[in-house]
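Asker: would you be able to build a 3D model of this:
(one chain, ligands or ions: 1)
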Amino acid sequence: MSSELSDSLTIWYRENRRDLAFRRTRDPYAILVAEVLLQRTRIASGLPYFERFMARFPTVADLAAASEEEVLKAWEGLGFYGRARNLRRAAKAVMRDHGGRIPGTFSGLRGLPGIGDYTAGAVASIAFGEAVPAIDGNAARVLARVFRLGGDFTRGEGRRRLMAIASSLVPAMEPGTHNQALMELGSTVCRPKAPRCPACPVHSLCGAFAEGRPEAYPERREQKPVPIVRVAFALAEREGRVLLVRRPADGLLAGLWALPGGEVPPQESETTVLRKALRGIGVKARLGGAIGTVRHTFSHRQWTGHVLRAHVPAMARLPEGAIWAGPKDLRRLPLVPLHRRVLEQSRL
Ligand code: SF4
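Answerer: Now for the predicted structure:
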């Protein structure tokens, strides 16, 4: 079955694949960038970022030499900013430990900081022709349906079973084409809802199709509702500049520039949190009323709250990690996207 499945997939892929910029290259660096950047991102939204990122950092040496701020700026709006920081760390490791060449094996790639099984498998198979699997969510769904895999295959024994099946299917010839075909099929035909089974090149081999219940796989896990967390931010303007602080190096939106403020603990008020935040950077301000609302859903929490006007009598000297940002700074710095929208609405 394994070669029949792989052959059918590969033939279908050659005729049906979407012509995408990152598929026209064998440059391992470009493939690495694409694989990291497009994770958890729809291809249509990620492609312009990929093109801009490659124009801004055309080689691994350029990326390694860039500051974290420059890399975050190129990533602004894509979300999951840990990916950008990891990619830069990986580029630095390539320059430091591998003489500027992207490692050509799965294990070499896996040894780079922040590079997991999926990315290492994708780059090793597509750029270097190593016969290893690359299983993203789309490929996992196809395999779950073809092999009728029940239970949770995102971890533990279920994951090992899925990866064993995936490894057994990868052909020695053109493993990268096989891996991309599996992902493309999941993305365009074997979709989460209403898979297009009659148009599928492997329907005669598919267990879920034979059972007449393709959508029964993978088993749906109960989605826990994300907690709603109150937030408050202060908009302090003075002489055409706005007060910004750099978020901590770890955690949510790490390293991006933001309006002062943050999450509001249940027993505290918005104004208490904002006073503390402003005092923490030595800024005296009188808080006014709310000038806007913020609402943003992350993968694990939802922010909801207000932006309050802060009246600042004088531009205080600021410690490191805080600035009075003028129009040039606002163009140059990576900003929390929902704060950029607040600033645009207030016409800064
Ligand atoms: Fe998916 Fe249907 Fe193809 Fe099976 S036959 S792999 S369920 S699209």
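
Asker: a strand runs through Asp329, doesn't it?
Answerer: No - counting by DSSP: H, G, I helix; E, B strand; the rest coil, Asp329 is not found in a strand; it is helix.

Asker: from what I see, it and Ile323 are in contact.
Answerer: Yes - between Asp329 and Ile323 there is a contact under CB atoms under 8 Å: 6.5 Å. C-betas here are computed from N, CA, C, even on glycine.

Asker: overlap of the contact sets of these two?
Answerer: Counting by CB atoms under 8 Å, 6 or more residues apart in numbering, the residues touching both Asp329 and Ile323 are Leu244.

Asker: residues in contact with the residue of the chain most remote from its centre?
Answerer: Within the chain, Pro313 marks the point farthest from the mean C-alpha position, 40.5 Å out by CA atoms, centre = their mean. The contact partners of Pro313, by CB under 8 Å, 6+ apart, come to Lys284, Arg286.

Asker: how about it, secondary structure?
Answerer: coil.

Asker: pLDDT at it, what is it?
Answerer: pLDDT recorded at Pro313 is 87.

Asker: wait, is Phe233 part of a helix?
Answerer: No - counting by three-state DSSP, Phe233 is not part of a helix but strand.

Asker: how close does it sit to the ligand?
Answerer: Distance, Phe233 to the ligand, by CB to the nearest ligand atom, to the nearest Å: 45 Å.

Asker: so how many other residues sit close to that residue?
Answerer: Under the neighbour criterion other CB atoms under 10 Å, Phe233 is assigned a count of 26.

Asker: verify the stated contact: it with Arg247.
Answerer: No - using CB under 8 Å, Phe233 makes no contact with Arg247, being 11.5 Å away.

Asker: mutual contacts of the two, please.
Answerer: Joint contacts of Phe233 and Arg247 (CB under 8 Å, 6+ apart) are Ala258.

Asker: nearest residue to the residue nearest the centre of the chain in space, please, no chain neighbours.
Answerer: Against the mean C-alpha coordinate of the chain, by CA atoms, centre = their mean, the closest residue is Phe80 at 4.2 Å. In space, and not counting its chain neighbours, Phe80 is closest to Arg40: 5.7 Å by CB to CB, 6 or more residues apart in numbering.

Asker: tally of neighbours for the one you found?
Answerer: Neighbourhood size, Arg40 [other CB under 10 Å]: 13.

Asker: now the one 10 residues further on
Answerer: Neighbour count of Phe50, defined by other CB under 10 Å: 21.

Asker: same question, Glu222
Answerer: Per other CB under 10 Å, the neighbour tally for Glu222 reads 4.

Asker: and it, how far is that from the ligand?
Answerer: 22 Å.

Asker: Arg279 now?
Answerer: Distance of Arg279 to the ligand, given as CB to the nearest ligand atom: 58 Å.

Asker: what pLDDT is listed against that residue?
Answerer: 95.

Asker: what helix or strand is it located in?
Answerer: In the assignment (DSSP states H and E), Arg279 maps to helix 270-280.

Asker: buried set for that helix?
Answerer: By neighbour count on 16 or more other CB atoms under 10 Å, the buried set for helix 270-280 is Glu270, Val273, Leu274, Arg275, Ala277, Leu278.

Asker: and for stretch 69-76?
Answerer: Buried residues in stretch 69-76, defined by neighbour count with 16+ other CB under 10 Å: Glu70, Val71, Leu72, Lys73, Ala74, Trp75, Glu76.

Asker: walking through the stretch 51-200 of the chain, point out its helices one by one.
Answerer: 60-65, 68-75, 82-97, 106-110, 117-128, 137-146, 156-169, 175-188 (DSSP state H, counting those that start in this stretch).

Asker: and this structure, which residues reach the ligand?
Answerer: Within the chain, the positions adjacent to the ligand are 142, 145-146, 189-190, 195, 197, 200, 202-203, 206, 208-209, 214 by CB under 6 Å from any ligand atom.
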